[in-house]
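# 3D, please:
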Amino acid sequence: MVKLAAVLWDMDGTVVDTEPYWMATEEEIAEAHGGTWTHEDAMQLVGNELIVSGRYIKQKLDLEQSPEEVVEMLLDGVVERVRHSVPWRPGARELLLHLRAAGIPCALVTMSYQRFVDPILEHLPPGTFDVVVTGDQVDRGKPHPEPYLVAADRLGVPVTDCVAIEDSPTGAASAAAAGCTVLVVPHHVPVPPQPGYVYRESLTDLGVAGLVDAVSR
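Residues are numbered from 1 along each chain as shown. Okay, the predicted model is just below:
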């Protein structure tokens, strides 16, 4: 039986499906600067630190802007879309509410920056996440284990007693390296099997008991 001291959640592709927003914004930046952006380019960025994405876009499009300025351009476009509509992943909100009712701490562990996370959190009950770790709060982002180690430390629980929910190879690698049990719910990109990964097609109809059962197999 896996201990469930806390559940550590990825955001993009796990709690919300904002990847299409990022991709649309990337395409807009490319068009505005006379460049070409492909689906393969977009897939390269799924789960990355934003600064890594900023560097990739700058190099790919030969932009004058710094990687940090490219990140701000990305955030401008995506935040505007999120304020208009939050695209929840199936079952995510429901499982969050079940965990909250059961008194199980939850942390959000995302490589997105705080100003992107805030408008999403506004659509959830206060206290849904006990801790929020964003990409602009850590020195080393996913796939480094630091984000998950920071989350467990802030919650005051052993990271090895935490379950992480992820959708990308980068995020799953980060959680596994930190010592979490990793529930992988693939979405936009496949996640190759690794020791310690447990797979599920969806979070739909997955309560607390179902979550424990899923990661204990």
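# Could you list the domains of this structure?
The chain breaks down into these domains under automatic domain parsing: 6-17+88-215, 19-84.
# could I have the helix of greatest length in the chain exported to PDB, CA atoms only?
In the chain, assigned by DSSP state H, the helix with the most residues is helix 67-84. Output of helix 67-84 as PDB, limited to C-alpha atoms (Å, rounded to 0.1, in the frame of the first residue of the first chain):
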ATOM      1  CA  PRO A  67      14.700  34.500 -23.800                       C
ATOM      2  CA  GLU A  68      13.200  36.300 -20.800                       C
ATOM      3  CA  GLU A  69      11.400  38.700 -23.000                       C
ATOM      4  CA  VAL A  70      10.100  35.800 -25.200                       C
ATOM      5  CA  VAL A  71       8.700  34.200 -22.000                       C
ATOM      6  CA  GLU A  72       6.800  37.400 -21.200                       C
ATOM      7  CA  MET A  73       5.400  37.500 -24.800                       C
ATOM      8  CA  LEU A  74       4.200  33.900 -24.300                       C
ATOM      9  CA  LEU A  75       2.700  34.700 -20.900                       C
ATOM     10  CA  ASP A  76       0.800  37.700 -22.300                       C
ATOM     11  CA  GLY A  77      -0.900  35.600 -24.900                       C
ATOM     12  CA  VAL A  78      -1.700  32.600 -22.700                       C
ATOM     13  CA  VAL A  79      -2.900  34.600 -19.700                       C
ATOM     14  CA  GLU A  80      -5.300  36.500 -21.900                       C
ATOM     15  CA  ARG A  81      -6.800  33.200 -23.100                       C
ATOM     16  CA  VAL A  82      -7.000  31.700 -19.600                       C
ATOM     17  CA  ARG A  83      -8.900  34.800 -18.400                       C
ATOM     18  CA  HIS A  84     -11.500  34.100 -21.100                       C
END
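# Mind giving me the packing neighbours of that helix?
Judged by 3 or more C-beta pairs under 8 Å, 6 or more residues apart in numbering; DSSP states H and E, the packing partners of helix 67-84 are helix 19-32, helix 50-61, helix 114-121. All C-beta spots, glycine's among them, are computed from the backbone N, C-alpha and C.
# Quick one: distance of it to the chain centre.
16 Å (C-alpha atoms, centre = their mean, to the nearest Å).
# Buried residues, the helix or strand that that helix is followed by. List them.
Using DSSP states H and E, the helix or strand that follows helix 67-84 in sequence is helix 92-101. When burial is assessed from 16 or more other C-beta atoms under 10 Å, helix 92-101 yields the following buried residues: 92, 93, 95, 96, 98, 99, 100.
# any chance of those in TSV, plus pLDDT and distance to residue 32?
Shown next, in TSV, are the buried residues of helix 92-101 (pLDDT from 0 to 100; distance: C-beta to C-beta, whole Å):
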residue	pLDDT	distance to residue 32
92	95	32
93	93	34
95	96	38
96	95	36
98	95	43
99	96	41
100	94	41
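# export those residues to JSON lines and tack on distance to residue 182?
Converted to JSON lines, these look like this (distance: C-beta to C-beta, whole Å):
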{"residue": "92", "distance to residue 182": "16"}
{"residue": "93", "distance to residue 182": "21"}
{"residue": "95", "distance to residue 182": "16"}
{"residue": "96", "distance to residue 182": "18"}
{"residue": "98", "distance to residue 182": "20"}
{"residue": "99", "distance to residue 182": "17"}
{"residue": "100", "distance to residue 182": "21"}
